[in-house]
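1. here is my input; please provide its structure:
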Amino acid sequence: MNLYDYIASIPDYPIEGILFRDVTPAIQNGEAFREIIRLLVEYAKKVEAEVILGPESRGFIFGCPVAYELNIGFVPARKPDKLPREVISVEYELEYGTSTLEIHKDAIKPGQKVLVIDDLLATGGTIKAANQLVEQLGGIVVGNAFLIELVDLKGRDVLAGYDVYSILEFEGE
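-> The predicted model follows:
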């Protein structure tokens, strides 16, 4: 199966000059979605993940079925004020401004092996922040996994020292 066939490229979205890589055709097709999850599960087994963490919201889409398939837990990383119990947070830089990710303070146990899953690796800021949250709680980031990596944006460089797995590679353009 050629998973590239299930990624739509949308020019000038969300702003002029951006070529947006849309994963929704891949998740709308049962066969393609199953193959993506199979590949992510295979990687999760390889790195011996004990829990999956996914940033909102597309990290939920890909991370939850992997956790389910492996019979392990899933930790949602959310934007501020979305989680009901005590949280830890990390503020990180975006291209134009900053953002914040939070997880419950009791979400990761010290020494627990965590795989961070998201839909797309671009500049790496969100995933670097997710990794920092795991490590603040004493967890071990065993990998960062993505459906798509925009290789020319060099997010992998920001994640130097972490194991990075991407199923598909595109130029960010």
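
2. next, name the residue at the spatial heart of this protein.
-> The chain has residue 118 as the residue nearest its centroid, 1.8 Å off, counting by C-alpha atoms, centre = their mean.

3. OK, contacts around that residue?
-> 54-55, 58-59, 62-63, 126-127, 130, 144-146 (C-beta atoms under 8 Å, 6 or more residues apart in numbering). (Each C-beta comes from the backbone N, C-alpha and C, glycine too.)

4. for it, helix, strand, or coil?
-> Secondary structure for residue 118, judged by DSSP: H, G, I helix; E, B strand; the rest coil, is strand.

5. switch the contacts of residue 118 over to TSV; also include secondary structure.
-> Output for these, formatted as TSV (three-state DSSP):
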residue	secondary structure
54	strand
55	strand
58	helix
59	helix
62	helix
63	helix
126	helix
127	helix
130	helix
144	strand
145	strand
146	strand
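
6. out of the residues you listed, which are buried?
-> 54-55, 58-59, 62-63, 126-127, 130, 144-146 (16 or more other C-beta atoms under 10 Å).

7. for the longest helix anywhere in the chain, list the C-alpha coordinates in CSV.
-> Assignment by DSSP state H gives helix 30-46 as the longest helix of the chain. Below are the C-alpha coordinates for helix 30-46, written out as CSV (Å, rounded to 0.1, in the frame of the first residue of the first chain):
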residue,chain,number,x,y,z
GLY,A,30,-9.9,2.1,6.9
GLU,A,31,-7.2,0.2,5.1
ALA,A,32,-4.7,3.1,5.1
PHE,A,33,-5.5,3.9,8.8
ARG,A,34,-5.0,0.3,9.8
GLU,A,35,-1.6,0.2,8.0
ILE,A,36,-0.5,3.4,9.7
ILE,A,37,-1.4,2.0,13.1
ARG,A,38,0.2,-1.3,12.3
LEU,A,39,3.5,0.5,11.5
LEU,A,40,3.3,2.6,14.6
VAL,A,41,2.6,-0.4,16.8
GLU,A,42,5.5,-2.2,15.3
TYR,A,43,7.8,0.7,16.2
ALA,A,44,6.3,1.0,19.7
LYS,A,45,7.1,-2.7,20.3
LYS,A,46,10.6,-2.2,19.0
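
8. follow-up on the earlier one: just list whatever residues bridge to the residue nearest to the centre of the chain.
-> residue 146 (DSSP bridges).

9. so where's the chain uncertain?
-> Low-confidence segments of the chain, defined by pLDDT under 70: 95-96, 172-173.

10. now the strands for it?
-> 8-11, 19-22, 51-55, 73-77, 87-94, 97-104, 113-121, 140-150, 164-170 (DSSP state E).

11. helices or strands next to the third one in the packing?
-> Contact here means 3 or more C-beta pairs under 8 Å, 6 or more residues apart in numbering; DSSP states H and E; on that basis strand 51-55 packs against helix 58-70, strand 73-77, strand 113-121, helix 125-136.
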